[in-house]
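In: got a predicted structure here, sequence first:
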Amino acid sequence: MASLGFLFFFLLPLILLELSSSRSVMAAKTRHFKWDVEYIHWSPDGKESVVMGINGQFPGPTIRAKAGDTVAVHLTNKLHTEGVVIHWHGIRQD
């Protein structure tokens, strides 16, 4: 029969690992963003022109999320003559 001390020191790290992984899962969130894509007047290069903006801004908004989060982007295409393709820039992994 194993001693109680041996079982305690063998099981304690497993219990702590389980608790820490449960906390990270519990802390994960679904982050929702509502985007309206439409033409706006903007001056990205100093000369006003018509550009595609998201929620009235150019470039588009920043998404902030943590590891484990789910990002849901609800997009409304208000460009009546063309489709929308989104690609991501500046993904920092600190």
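Out: In hand now; what should we look at?
In: name the residues that touch the lengthiest strand in the chain?
Out: Ranked by residue count and defined by DSSP state E, the top strand of the chain is strand 30-42. With contacts defined as CB atoms under 8 Å, 6 or more residues apart in numbering, strand 30-42 is touched by 48-58, 60-61, 63-65, 69-79, 84. For the C-beta atoms, the positions are set from N, CA and C on the backbone; glycine is no exception.
In: what lines up beside it in the sheet?
Out: Using DSSP bridges, the strands paired with strand 30-42 in its sheet are strand 49-54 (antiparallel), strand 70-77 (parallel).
In: quick one: closest of those strands to residue 27.
Out: Closest approach to residue 27 among the strands paired with strand 30-42 (CB to CB): strand 70-77, 12.6 Å.
In: any weak-confidence spans in this structure?
Out: With pLDDT under 70 as the threshold, the chain has low-confidence stretches at 1-26, 90-94.
In: can we see that at 80?
Out: 1-26, 44, 87-94 (pLDDT under 80).
In: show me what the residue nearest to residue 78 when sequence neighbours are not counted is bridged to.
Out: Sequence neighbours aside, residue 38 is the residue nearest to residue 78 in space, at 3.9 Å (criterion: CB to CB, 6 or more residues apart in numbering). According to DSSP bridges, the residues that bridge with residue 38 are residue 53.
In: thank you, goodbye.
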